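Chemist: Structure for this input, please:
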Amino acid sequence: MPNALLSFPSRGGEIASISGRSTSHHNGNACRARERARPLHNDCNAASSKSPAQFVTRRLACSNRLRGAIQLNCRANGTPAVSLEEETWNSRDTRPHPAPPEDLSPTDLLGGECSNQELAAQVHTLKTLVQAQQDILYSQKAQIDQLMQTLQEERLRAAQGPVLVQEAPQRTLHLRPFDSQRIAYGDRRLMGLYDARFHSTLTGAVPSDFRILPDRIILVRHAESEGNVDNKAYTYIPDSQVPLTARGHMQAREAGKRIKELMEADPERARDYKLFFYISPYKRSLQTYEGISSQFPSHHLLGVQEEVQLREQDFGNFQDEQGKQHEKAERLRFGRFFYRFPNGESGADVYDRITIFEDHMVRDINAGRFADNTGLVLVTHGLALRVFLMRWFHWTVDEFLLVYNPTNAEPLVLERCPEVEYSAWRHTKSLYRLSDESMRSLRGCTAEMCSTDHLPRKSLKVSTRLL
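Modeler: The predicted model follows:
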């Protein structure tokens, strides 16, 4: 039987044969096997006439014998044996075999001599080819998995129905009472930017442009209340709920007329002035505000803001008449300004919260919330009003004790000083002074106490009064 060429089987059960022409010799001599290897080949081909089962068994036996013959041949040549052990596959499975390279032509292993280097080169070439094909298969499998996942997601999305895109709710622009003035003045802080004009650490504690300052700051003690007429009202009415008397309502409206005359004193500025109110949350203060604001058209009222810090000194809860008399006598022995009523406050406590309020108000002024020709009106209480002036003009405690409460619904006016030069050391408070008429109505107050320079005084008045 002629020598058979080694082939690349396409089905399992067979061990792949290795063949190829020599890459190191070019004399054309084919590798020849030993004579004792020829019967193995003949036996394998002879098995083709037998049954399929016998044929498979026979071919496996021939393959094992052929492997042993090749290893024996290598040992006879004195070279290390080349292991041809590869993966074994189940004879029932199908394993596609890649096509051989173009430069790899089958060679009759049994027809002549062959070297171990040639066999090793053929093994390496086939291994490289198999690995390349496996890499391609792995890449294609990953792409298929990705496509299957995408297809599954699309099916789920189609089963859920179309997704409605929710439109973002439109935001309604709400302007605060002073945003229009700040926009007109070009306040860059409305856009979240830094504006050095309103930064006290750079330009001092006063704005460089005085046009943003209010023309006046008007302080008003509430009108006559039931507690002013009869102290027993505090024994059964909470202090925050004490109302005005009928006379008090008239006083509130009269105070509104006086403030209106003050704002309209200049004919050129009488049409476009504005008023903004800071009021105590107590009922008598709210009623006083209602009486004052009733004298103005709505276009002159810029807004109103309730400030808890402007409330009256807390003398306790329901005030027992006899108990309060004892507490007031004890206050004279302890000191009027620092005595704290049981469940109440001392004058120093009121000073602390009024300080906080003034700082916030001045910051709003410097921020430009109150444009030119705007007046601020504070509706508060007697002691809180005096503490406000004490903090504004830096009175001492003894100077504070010299000043009496103003009468009910009596406007006290802080006027902006004219022709004041800008200076970094100045403070916004130093730009206002108490008017002469207001100073006369505030008993115990002197011109020196209401000076606006805020420089250290040559002497301090020490009061010996306790009342």
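Chemist: can you count the residues close to Gln305?
Modeler: Look at Gln305: counted by other Cβ atoms under 10 Å, it has 12 neighbours. For the C-beta atoms, the positions are set from N, CA and C on the backbone; glycine is no exception.
Chemist: quick one: contacts for it?
Modeler: With contact taken as Cβ atoms under 8 Å, 6 or more residues apart in numbering, Gln305 is in contact with Phe276, Phe277, Tyr278, Ile279.
Chemist: what about 10 Å?
Modeler: Pro177, Phe276, Phe277, Tyr278, Ile279, Met361, Asp364 (Cβ atoms under 10 Å, 6 or more residues apart in numbering).
Chemist: Helix, strand or coil: sort out the second one for me.
Modeler: Phe276 carries the three-state label strand when classified by DSSP: H, G, I helix; E, B strand; the rest coil.
Chemist: Leaving out the residues flanking it, which one is nearest to it?
Modeler: Leu302 (4.4 Å; Cβ to Cβ, 6 or more residues apart in numbering).
Chemist: my guess is Ala447 meets Arg433, correct?
Modeler: Yes. Under the criterion of Cβ atoms under 10 Å, Ala447 makes contact with Arg433 at 9.3 Å.
Chemist: Give me the more crowded residue out of these two.
Modeler: More crowded of Ala447 and Arg433, by other Cβ under 10 Å: Arg433, with 19 against 10.
Chemist: burial of Ile217, as a residue count?
Modeler: Per other Cβ under 10 Å, the neighbour tally for Ile217 reads 24.
Chemist: Confirm it sits in a strand?
Modeler: Yes. Per three-state DSSP, Ile217 lies within a strand segment.
Chemist: which SSE is the nearest residue to it once chain neighbours are set aside in?
Modeler: Among residues not flanking Ile217 along the chain, Leu414 sits closest, at 4.1 Å (Cβ to Cβ, 6+ apart). Following DSSP states H and E, one finds Leu414 within strand 411-416.
Chemist: In that strand, which residues are buried?
Modeler: The neighbour-count check on strand 411-416 (16 or more other Cβ atoms under 10 Å) flags Pro411, Leu412, Val413, Leu414, Glu415 as buried.
Chemist: Mind checking what secondary structure Ala223 has?
Modeler: Here Ala223 is recorded as coil under three-state DSSP.
Chemist: State the distance from it to Tyr282.
Modeler: Distance, Ala223 to Tyr282, using Cβ to Cβ, to the nearest Å: 12 Å.
Chemist: any common contacting residues for the two?
Modeler: Common neighbours of Ala223 and Tyr282 (criterion: Cβ under 10 Å, 6+ apart): Thr288, Val379.
Chemist: In terms of packing, which of these two has more residues around it?
Modeler: Legend: neighbour count by other Cβ under 10 Å for Ala223 and Tyr282, higher for Ala223 (28 against 24).
Chemist: show me the contacts for the more buried one.
Modeler: Neighbouring residues of Ala223 by Cβ under 10 Å, 6+ apart: 244-245, 247-255, 284-285, 287-288, 291-292, 379, 407-410.
Chemist: Please narrow these to those residing in strands.
Modeler: In strands, defined here by DSSP state E, the members of those are Val379.
Chemist: Packing partners of the longest helix anywhere in the chain?
Modeler: Longest helix in the chain by number of residues (criterion: DSSP state H): helix 116-160. Packing contacts for helix 116-160, counted by 3 or more Cβ pairs under 10 Å, 6 or more residues apart in numbering; DSSP states H and E, involve helix 52-76.
Chemist: Could you give the bridge partners of the residue nearest to Ile217?
Modeler: Beta bridges link Leu414 to Ile217, Leu434, judged by DSSP bridges.
Chemist: Relative to Glu226, how far out is it?
Modeler: From Leu414 over to Glu226 (counting by Cβ to Cβ), the distance is 30 Å.
Chemist: Equivalent analysis for Lys257, please.
Modeler: The gap separating Lys257 from Glu226 is 24 Å, by Cβ to Cβ.
Chemist: and if you look at Val304?
Modeler: Distance, Val304 to Glu226, by Cβ to Cβ: 24 Å.
Chemist: quick revisit: neighbour-wise, which of Lys257 and Glu226 wins?
Modeler: Neighbour tally, Lys257 and Glu226, criterion other Cβ under 10 Å: the higher count belongs to Glu226, 19 against 13.
Chemist: Can you list the buried residues in stretch 392-405?
Modeler: Trp392, Phe393, Trp395, Val397, Glu399, Phe400, Leu401, Leu402, Val403, Asn405.
Chemist: for that stretch, what is the average pLDDT?
Modeler: Mean pLDDT, stretch 392-405: 92.
Chemist: pretty sure Phe210 contacts Phe370?
Modeler: No. Assessed by Cβ under 10 Å, Phe210 is found out of contact with Phe370, at 11.8 Å.
Chemist: Between the two, which is the more surrounded one?
Modeler: Phe370 (24 against 15).
Chemist: gap between the closest residue to that one other than its chain neighbours and Asp145?
Modeler: Closest residue to Phe370 apart from its sequence neighbours, by Cβ to Cβ, 6+ apart: Pro214 at 4.1 Å. Going from Pro214 to Asp145 by Cβ to Cβ gives 74 Å.
Chemist: The two: which has the busier surroundings?
Modeler: Set side by side, Pro214 and Asp145 show more neighbours around Pro214, with 22 against 10, by other Cβ under 10 Å.
Chemist: Identify the residues contacting that one.
Modeler: Contacts for Pro214 (Cβ under 10 Å, 6+ apart) come out as 274-276, 364-365, 369-376, 414, 416, 432.
Chemist: related to what we said a few turns ago, the residue nearest to Phe276 looks like it's in a helix, true?
Modeler: No. Leu302 sits outside any helix when classified using three-state DSSP, being strand.
Chemist: and it, how far is that from Asn317?
Modeler: 36 Å.
Chemist: could you pull out the strands for this structure?
Modeler: Using DSSP E, strands in the chain cover 216-221, 274-279, 301-306, 374-380, 411-416, 432-434.
Chemist: who does the fifth one touch, helix- and strand-wise?
Modeler: Packing contacts for strand 411-416, counted by 3+ Cβ pairs under 10 Å, 6+ apart, involve strand 216-221, helix 246-263, strand 374-380, helix 382-393, strand 432-434, helix 436-441.
Chemist: again, but for the shortest one
Modeler: Packed against strand 432-434, as judged by 3+ Cβ pairs under 10 Å, 6+ apart, are the following elements: strand 216-221, helix 382-393, strand 411-416, helix 436-441.
Chemist: CA atoms of the first one as PDB?
Modeler: Pointing back at strand 216-221 there. Extracted in PDB, the C-alpha atoms of strand 216-221 (Å, rounded to 0.1, in the frame of the first residue of the first chain):
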ATOM      1  CA  ARG A 216     -35.000 108.700  58.300                       C
ATOM      2  CA  ILE A 217     -35.300 106.100  61.000                       C
ATOM      3  CA  ILE A 218     -38.400 106.800  63.000                       C
ATOM      4  CA  LEU A 219     -38.900 105.300  66.400                       C
ATOM      5  CA  VAL A 220     -42.500 105.100  67.800                       C
ATOM      6  CA  ARG A 221     -43.600 103.800  71.100                       C
END
